[in-house]
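Chemist: All I have is the shape, not the residue letters:
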């Protein structure tokens, strides 16, 4: 898979968030998006997922323009704060999401919950989850269906170091398996540990 971002500009109410951005992303690599909050990282991830349309430029997947049809591709994403049904358990939230594509079942859901140290809390209502637990549930929904493309926005927020290490090991293994991975973070050290290439965001442009 090759994703190309070509001369992408995005503005909101005359505020330019991204200005003439060009990127090429390929399977088998981890890419880092580094910059402070508000620098455009999350907006770019939403454009890559087809949630936002650029005001100018385009995104292509293997040469085909992305037109909000991200469902055609095997993509897993965690962008901003994950949203779940608060009165349902962590397990049931994942079960509902899994039923959309019917690619996985109870076994795979329980495996990812165990791997992220959420098994003991899987029957607890999400409204009772801490920030870190919600974040881990968000990562679970992003990767549970074994996606070929993974977009993670500040994935380590609020997560204990033991589980951060497990997630990093997973991402490095996923790269070896040929997956395309994009991670945004304001923490330089996390990206330097994982990424093959890091793009620095500042004032709507990248370097």
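Modeler: Nice, I can see it. No experiment lies behind these values; they were computed from the predicted model shown.
Chemist: Counting neighbours, which bits of stretch 188-203 end up buried?
Modeler: For stretch 188-203, the buried set under the neighbour-count rule, 16 or more other C-beta atoms under 10 Å, comprises 190, 191, 194, 195, 198, 199, 201. Any C-beta I mention is one placed from the backbone N, CA and C, and that applies to glycine too.
Chemist: I meant stretch 75-82, not that one.
Modeler: Of the residues in stretch 75-82, those buried by neighbour count under the rule 16+ other C-beta under 10 Å are 75, 76, 77, 78, 79, 82.
Chemist: Can you report how many residues lie near the closest residue to the first one other than its chain neighbours?
Modeler: Leaving aside its chain neighbours, residue 75 sits nearest to residue 149 (4.6 Å; criterion: C-beta to C-beta, 6 or more residues apart in numbering). As a burial measure, residue 149 scores 21 neighbours (other C-beta atoms under 10 Å).
Chemist: Let me see the contact set for residue 149.
Modeler: Residues in contact with residue 149 (C-beta atoms under 8 Å, 6 or more residues apart in numbering) are 1, 3, 73, 74, 75, 76, 179, 180, 181.
Chemist: Can you lay out these as a markdown table showing distance to residue 89, secondary structure and pLDDT?
Modeler: Listed next are those as a markdown table, based on distance: C-beta to C-beta, whole Å; DSSP: H, G, I helix; E, B strand; the rest coil; pLDDT from 0 to 100:
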| residue | distance to residue 89 | secondary structure | pLDDT |
| --- | --- | --- | --- |
| 1 | 34 | coil | 96 |
| 3 | 35 | strand | 98 |
| 73 | 29 | coil | 93 |
| 74 | 26 | coil | 95 |
| 75 | 25 | strand | 97 |
| 76 | 21 | strand | 97 |
| 179 | 29 | coil | 98 |
| 180 | 32 | strand | 98 |
| 181 | 29 | strand | 98 |
